[in-house]
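In: the amino acid sequence is not available; the structure is as follows:
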């Protein structure tokens, strides 16, 4: 069965460029999460959607980071004016229920390298 | 704010050795606890979880974890590891009725055949 998919899998951006990372959650999953994983670290929460509503964006590191999920399915994480410290793997996860008791299913991630 | 500490970043074991990976969290309220595993080249996947009830939780592939509330710990164990257990293991915590997982830094386990 189809799991969470993310594209692109790898992205190289020059400092100052804008990037857009896409997440396709498991069909029908209500909740969608974005995490950032720096090298040698565990994933860190960025933001959370329930359907199309962004209920928590407390983890977004700056106003250069923006996420949307306009139709409650596919989500896009956009990073404007990328900086070297944005280099990381960006993980998307989805869950079938509104909050915590549902397992979060993770995608393969997008590895972003900012040069 | 919650935080999770995993005591060992790298562990090397021989096949059939016993495994225990330490995990401590800091949060005074009720939490839900998780262990995730990432096999080489694969996605993060759930190994086991604790919400309530019996503090000894059994997961997939013979793994288990014990929640000790007084020690704020949720250590992962396996009596006899196999080469196929080579992976990175992440402990994570979520406050009750929360929405975000807080992960530890991970432990890379290498099992020598």
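Out: Structure's in. What do you need? These numbers come from a predicted model, not from an experiment.

In: show me the residue at the heart of chain A, geometrically.
Out: By Cα atoms, centre = their mean, chain A has its centre lying nearest to residue A:34, at 3.3 Å.

In: give me every residue that touches residue 69.
Out: Unless you meant another one, I'm taking chain A. The contact partners of residue A:69, by Cβ atoms under 8 Å, 6 or more residues apart in numbering or on different chains, come to A:32, A:49, A:51-52, A:54, A:75-76. Backbone N, C-alpha and C define where each C-beta goes, glycine included.

In: could you do chain B instead?
Out: For residue B:69, the contact set (Cβ under 8 Å, 6+ apart) comprises residue B:55.

In: state the phi and psi torsions of it.
Out: Backbone torsions for residue B:69, taken as degrees, to the nearest 10, come to phi -60, psi -40.

In: quick check: the gap between it and chain A.
Out: 18 Å (Cβ to the nearest Cβ, to the nearest Å).

In: distance check, that residue against residue B:17.
Out: As judged by Cβ to Cβ, to the nearest Å, residue B:69 and residue B:17 stand 28 Å apart.

In: same question for residue B:72.
Out: The value you get for residue B:72 to residue B:17, if Cβ to Cβ is used, is 27 Å.

In: more neighbours: these two, which one.
Out: Taking neighbours as other Cβ atoms under 10 Å in any protein chain shown, residue B:72 and residue B:17 compare with residue B:72 leading, 17 against 14.

In: interface residues of chain B facing chain A?
Out: Chain B has residues B:4, B:9, B:32, B:36, B:43-46, B:49, B:51, B:90, B:92, B:94, B:96-106 near chain A, with proximity defined as Cβ under 8 Å from any Cβ of the partner chain.

In: show residues contacting stretch B:29-39.
Out: Here stretch B:29-39 has contacts from A:100-101, A:106, B:2, B:23, B:25, B:44-51, B:59, B:63, B:65, B:67, B:74, B:76, B:86-96, B:98, B:101, B:103, using Cβ under 8 Å, 6+ apart.
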